[in-house]
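>>> Whatever this is, show me its structure:
(2 chains)
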2 protein chains.
Amino acid sequence: MARRTGRRPGNPDTREAILAAAREAFAERGFDAASIRGIATSAGVDPALVHHYFGTKEQLFRACMDFPIDPATVLPQVLEGGMDGIGERVVRMFLSVWDSPAGAAGVALLRSALSNEWTARLLREFVTTQMLRYVLPKLGGEPDEARLRASLVASQMAGLAMVRYVLKLEPLASAPPEVVISAVAPTLQRYIAGKIS
Amino acid sequence: MARRTGRRPGNPDTREAILAAAREAFAERGFDAASIRGIATSAGVDPALVHHYFGTKEQLFRACMDFPIDPATVLPQVLEGGMDGIGERVVRMFLSVWDSPAGAAGVALLRSALSNEWTARLLREFVTTQMLRYVLPKLGGEPDEARLRASLVASQMAGLAMVRYVLKLEPLASAPPEVVISAVAPTLQRYIAGKIS
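Below is the predicted model of the structure:
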């Protein structure tokens, strides 16, 4: 989450107005239909200012989300090396983020996504357009099958986040990373590259 | 959830006072330390009345929870037949409940558990004392390993609930039960009875 530690340019009120307008646009219209121009109009600023503060539409979406990872950094690392051992790389990356201080942002986001429909839509849109759209072509196979695989991965990851970090059900809540990796990596390996039907 | 469809005896205010006192006791002290006597005192009623309205302490806990299944009915069905095919029976049972009208209660409970720590504690206590305590002895093996297996199962089930019913991420959100069963049953089979380390 480079944005959070970097210098934030510009007037904080203007930034917040843009982010609020962007969250609304992404949740209501979806990422593809939302436009920088429309967001700028809602926020009462010039589109150039949105670009100046936040960069591309993708970058603006990421700035909206407090998502605990930057998919543009993390996904290439997980995917490089191909399908061999990818299940293990996914769990390892996941734990390294969620076991770190950034995990708190993830817990907050999950809580929020579950407590209101609006954040759930925003999170679904984020996962679909900022993560799955990037990952699906690498999975190969039929697009429908690749989408099913991706949502199976999401189910195991979301559940691991919930049980380990939110509900804190033992012993999974305090199991060492290597124990979790041994147990969960084969599941992800199969969901990503094995037999699912 | 037999309680919900059955006749509810007694004064609704008294019932609600008992349930409120019980939720607080189970969340704060845990199931084992909470007592019918203490709950009755908090609610300002006689312990005999608590038994009269709700039966045993287990039954009172279930009445508190709006849990979408009655573990005492469902778990024996899933466990009979032993380890062979148990993964499939678990997913099948899970989908039959969550795809039914009772699923709405599950979504509400998940939402609530994620939005406040108090409900999270209540849910964790419920899963631990009303489900895992019953299931663990049947799993065999070392108690520590059995507990890890159970929390792995919880992680996949919680995540499936979240992705299919709360976030509604496609295609898992509308996949036919048989598709979900084929994909997820081997995960549960391994978590329950296969190699996890």
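>>> burial of the residue of chain A found nearest chain B, as a residue count?
Nearest residue of chain A to chain B, counting by Cβ to the nearest Cβ: residue A:159, 2.3 Å away. For every residue, glycine as well, the C-beta is placed using N, CA and C. Look at residue A:159: counted by other Cβ atoms under 10 Å in any protein chain shown, it has 25 neighbours.
>>> what sits against it?
Residues near residue A:159 by Cβ atoms under 8 Å, 6 or more residues apart in numbering or on different chains: B:154-162.
>>> most surrounded residue in these?
Busiest of those [other Cβ under 10 Å] is residue B:155, holding 29 neighbours.
>>> tell me the contacts of it?
A:156, A:159-160, A:162-164, A:172, A:184.
>>> again, only this time at 10 Å
Shown in contact with residue B:155 (Cβ atoms under 10 Å, 6 or more residues apart in numbering or on different chains): A:155-164, A:167, A:169, A:172, A:180, A:183-184, A:187, B:187, B:191.
>>> cool, residue A:51 as well?
Residue A:51 touches A:36, A:40, A:57, A:59-60, counting by Cβ under 10 Å, 6+ apart.
>>> Helices of chain A, start to end?
A:2-5, A:12-29, A:36-43, A:47-54, A:57-65, A:71-79, A:86-98, A:103-115, A:117-126, A:133-139, A:143-161, A:177-193 (DSSP state H).
>>> rewinding a little: export the contacts of residue A:51 to JSON lines and append columns for distance to residue A:128 and pLDDT.
Shown next, in JSON lines, are these (distance: Cβ to Cβ, whole Å; pLDDT from 0 to 100):
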{"residue": "A:36", "distance to residue A:128": "20", "pLDDT": "96"}
{"residue": "A:40", "distance to residue A:128": "24", "pLDDT": "97"}
{"residue": "A:57", "distance to residue A:128": "15", "pLDDT": "94"}
{"residue": "A:59", "distance to residue A:128": "17", "pLDDT": "91"}
{"residue": "A:60", "distance to residue A:128": "16", "pLDDT": "93"}
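>>> biggest separation within those residues, which pair?
For these, the maximum inter-member distance is 14.8 Å, found between A:40 and A:59 (Cβ to Cβ).
>>> And the two? Which one has more around it.
Neighbours per residue, other Cβ under 10 Å: of residue A:40 and residue A:59, the larger number sits with residue A:40, 19 against 16.
>>> Identify the residue spatially nearest to the more buried one, adjacent ones excluded.
The shortest distance from residue A:40 to any non-neighbouring residue, by Cβ to Cβ, 6 or more residues apart in numbering or on different chains, is to residue A:47 (4.1 Å).
>>> Ok, residue A:114 next?
That would be residue B:114: by Cβ to Cβ, 6+ apart, it lies 4.1 Å from residue A:114.
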